[in-house]
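Visitor: give me a model of this one.
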Amino acid sequence: MVNTMMSYRLYGANDIRYESVEIPNIPEGGVRGKNLAIGICASDGKLWHDGDAHSRRTCAVHKTGKLAQNPIIIMHEGCFQDTNGQLWVFQADHYESDGTPMAIGYAKNGAACEIVTFDREVVNGGYLIKVPDGIDAISAAIAEPYACALHSMEETRDYKNVLKGGNVAIFGFGPLGMIHFDLMRSSKPENVYIIENQDPRLEKARTTYARLGNEYGMNIHVIDFSKNDPFDFIPKKSIDDLILCAPVGGILVKMIDQDIFRKGAHANIFAGMPADKPKYEIDLRKAHYLDLHIHNTSGSSIKNYETILQAVADGTINPLNVVVAVGGLDSIEEGFKAVAVENKYPGKVVILPGQRKGRIITIEELMGGHDVLVREEAKALVNGDIKLPEKQK
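Guide: Just a heads-up that it's a prediction; the model follows:
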């Protein structure tokens with residue numbers, strides 16, 4: 001019986017090692033499962049860069065010790081299967097019973113491996129969420145960013161979404177911009193202004209999302225702000241919802257100063273601001289008379305996960321729209337570089353541990369032209385019925 005597995009473990013800042021490790025014993029009251037799919041998130045790259053200085057480690061170091069002595073398996077988005085065939089996801093924002101924050105993939109072992117193991121604190125705390133029947137593991141694996149986006153929308157209207165039939169501006173159309181787009185389709189805004197400056201994201205907006213907008217009954221306007229002032233194209237007093245998915249707080253300032261918001265609008269500041277520029281001056285008098293609602297959120301709740309998974313089961317959202325590439329476990333380091341440094345892929349990259357040697361490949365290339373997986377194709381990828389081309393040696 002094989003008692004080792006491949007995993008990515010962090011030993012300190014910028015010290016990640018892809019290595020064979022012993023599969024941990026199942027702790028008393030804990031669970032173990034076969035890892036099926038892992039979502040690559042840029043925030044994992046921040047942990048990779050910061051090591052023990054990361055905020056999700058400094059608060060738990062009295063329990064975890066230093067990474068050099070107690071390395072952890074990284075990554076906080078994933079879906080695994082138990083011995084009964086049931087699929088599960090996990091809530092990364094885990095707190096121990098004594099109140100200590102021990103985030104999975106940051107302070108506790110995460111998803112960058114072939115077999116995942118969770119202790120009784122995770123199990124008893126309710127941090128494992130059952131995936132409804134019929135949902136593919138790729139969709140389930142990226143429930144975490146969807147849950148965070150849903151949490152941000154909870155701070156808006158009583159129906160927890162953008163204004164029905166209104167006008168929306170999405171600034172920053174990477175994975176989280178696309179996820180917010182997916183969540184807002186139940187409100188069917190009339191006009192959606194997608195504002196970006198990176199070519200791969202602009203192309204994705206002009207193709208896939210222009211098509212989806214047409215299907216959903218939305219008018220899609222794509223603006224390249226590296227070449228144009230967005231507010232030359234957005235009418236004054238027109239925007240009901242701003243979704244800020246890029247760390248550029250000055251956009252909010254300009255939208256207030258240039259009278260872009262409609263009265264009663266919401267400004268959803270989803271992106272975190274950089275440490276070297278966290279402060280902006282806002283005309284509060286204008287914001288006051290606009291009845292402008294400004295809210296910032298971070299993280300998500302277990303209830304958010306459950307709501308997202310049920311919405312996937314019901315067909316009211318489709319996370320596969322956001323997945324632009326897949327790869328094997330051997331390719332995680334390449335995937336991080338492509339996502340966090342090169343901005344090579346406009347949407348989510350999902351890793352399939354069961355196809356360990358597979359290279360990262362776009363959905364369009366893999367599937368011979370169409371750029372969005374259907375559920376049966378996603379299941380076939382996870383099962384290995386659709387093979388990934390292997391990395392060149």
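Visitor: tell me the SS of Met6?
Guide: Met6 carries the three-state label strand when classified by DSSP: H, G, I helix; E, B strand; the rest coil.
Visitor: now do stretch 336-347: everything it contacts.
Guide: 40, 42, 44-45, 48, 173-175, 178, 198, 200-201, 203-204, 322-325, 349, 360, 362 (Cβ atoms under 8 Å, 6 or more residues apart in numbering). C-beta coordinates here come from the backbone N, C-alpha and C atoms, glycine included.
Visitor: which is the succeeding secondary structure element to the helix or strand encompassing Ala267?
Guide: Ala267 is part of strand 261-269 when elements are defined by DSSP states H and E. Counting by DSSP H and E, the element after strand 261-269 in chain order, helix or strand, is helix 284-290.
Visitor: quick one: the strands in the stretch 51-200 of the chain?
Guide: Ranges of strands in the stretch 51-200 of the chain, per DSSP state E, counting those that start in this stretch, are 72-73, 78-81, 87-90, 115-118, 128-130, 167-171, 191-196.
Visitor: thinking again about what came up before, which neighbours in the sheet does the strand holding Ala267 have, and how are they oriented?
Guide: Partners of strand 261-269 in the sheet, by DSSP bridges, are strand 239-244 (parallel), strand 293-296 (parallel).
Visitor: wait, which of those is closest to Leu67?
Guide: Across those, Leu67 has its closest neighbour in strand 293-296 (29.8 Å, Cβ to Cβ).
Visitor: neighbours around Leu87, how many?
Guide: 24 (other Cβ atoms under 10 Å).
Visitor: can you check the one 10 residues further on too?
Guide: Residues near Ser97, counting by other Cβ under 10 Å, number 9.
Visitor: ok, and the closest non-adjacent residue to it?
Guide: Of all residues beyond its chain neighbours, the one nearest Ser97 is Glu121 (6.2 Å), with distances taken as Cβ to Cβ, 6 or more residues apart in numbering.
Visitor: so the one you found makes contact with Glu96?
Guide: Yes. Contact criterion Cβ atoms under 8 Å: Glu121 and Glu96 qualify, at 5.2 Å.
Visitor: so what's in contact with these two at the same time?
Guide: Residues touching both Glu121 and Glu96 (Cβ under 8 Å, 6+ apart): Met102.
Visitor: just to revisit the earlier point, tell me which of the strands paired with strand 261-269 sits most buried.
Guide: strand 239-244 (a mean of 25; mean count of other Cβ atoms under 10 Å).
Visitor: now it and strand 167-171, what's the angle there?
Guide: For strand 239-244 against strand 167-171, the angle between stretch directions is 20 degrees (axes from the mean of the first three to the mean of the last three Cα atoms, to 10 degrees).
Visitor: which residue is nearest the centroid of the protein?
Guide: Pro145 (3.2 Å; Cα atoms, centre = their mean).
Visitor: my read: it touches Gly174, true?
Guide: No. Counting by Cβ under 8 Å, Pro145 stays clear of Gly174, with 10.4 Å between them.
Visitor: pretty sure Val2 sits in a strand.
Guide: No. Val2 is assigned coil when assessed by three-state DSSP, not a strand.
Visitor: that one - how many residues pack around it?
Guide: Val2, neighbours per other Cβ under 10 Å, totals 7.
Visitor: ok, back up a step: check which residues of the strand holding Ala267 are buried.
Guide: The neighbour-count check on strand 261-269 (16 or more other Cβ atoms under 10 Å) flags 261-262, 265-269 as buried.
Visitor: cool, and stretch 326-342?
Guide: For stretch 326-342, burial by neighbour count (16+ other Cβ under 10 Å) applies to 326-332, 334-336, 338-340.
Visitor: save the residues you listed as TSV, and put in pLDDT too.
Guide: Converted to TSV, the buried residues of stretch 326-342 look like this (pLDDT from 0 to 100):
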residue	pLDDT
Val326	98
Gly327	97
Gly328	97
Leu329	96
Asp330	95
Ser331	94
Ile332	93
Glu334	91
Gly335	91
Phe336	88
Ala338	89
Val339	87
Ala340	81
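Visitor: among those residues, which are in strands?
Guide: 326-328 (DSSP state E).
Visitor: quick revisit: now do the strand holding Ala267: everything it contacts.
Guide: 152-153, 155-157, 162-163, 166-167, 180, 237-244, 249, 252, 255, 290-297.
Visitor: before we move on, the earlier item: okay if I get the ones in strands among the buried residues of stretch 326-342 as CSV plus distance to Pro274?
Guide: As requested, those are exported to CSV (distance: Cβ to Cβ, whole Å):
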residue, distance to Pro274
Val326, 30
Gly327, 29
Gly328, 33
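Visitor: Val21: which of these is nearest?
Guide: Nearest to Val21 among those, with distances taken as Cβ to Cβ, is Gly328, at 17.8 Å.
Visitor: what pLDDT does the closest residue to the closest one other than its chain neighbours get?
Guide: Computed as Cβ to Cβ, 6+ apart, the closest residue to Gly328 that is not its neighbour in sequence is Gly358, at 3.2 Å. Listed pLDDT for Gly358 reads 96.
Visitor: the one 10 residues further on now?
Guide: Per-residue confidence for Gly368 comes out at a pLDDT of 90.
Visitor: among the strands of the stretch 51-200 of the chain, which is nearest Glu281?
Guide: Of all those, it is strand 167-171 that lies closest to Glu281, at 18.6 Å by Cβ to Cβ.
Visitor: ok, back up a step: of Glu121 and Glu96, who's got more company?
Guide: Comparing Glu121 with Glu96 by other Cβ under 10 Å, the one with more neighbours is Glu121, at 19 against 16.
Visitor: which ones are touching the more buried one?
Guide: Contacts for Glu121 (Cβ under 8 Å, 6+ apart) come out as 94, 96-97, 102.
Visitor: nearest to Val192, of those residues?
Guide: Nearest to Val192 among these: His94, at 34.9 Å, using Cβ to Cβ.
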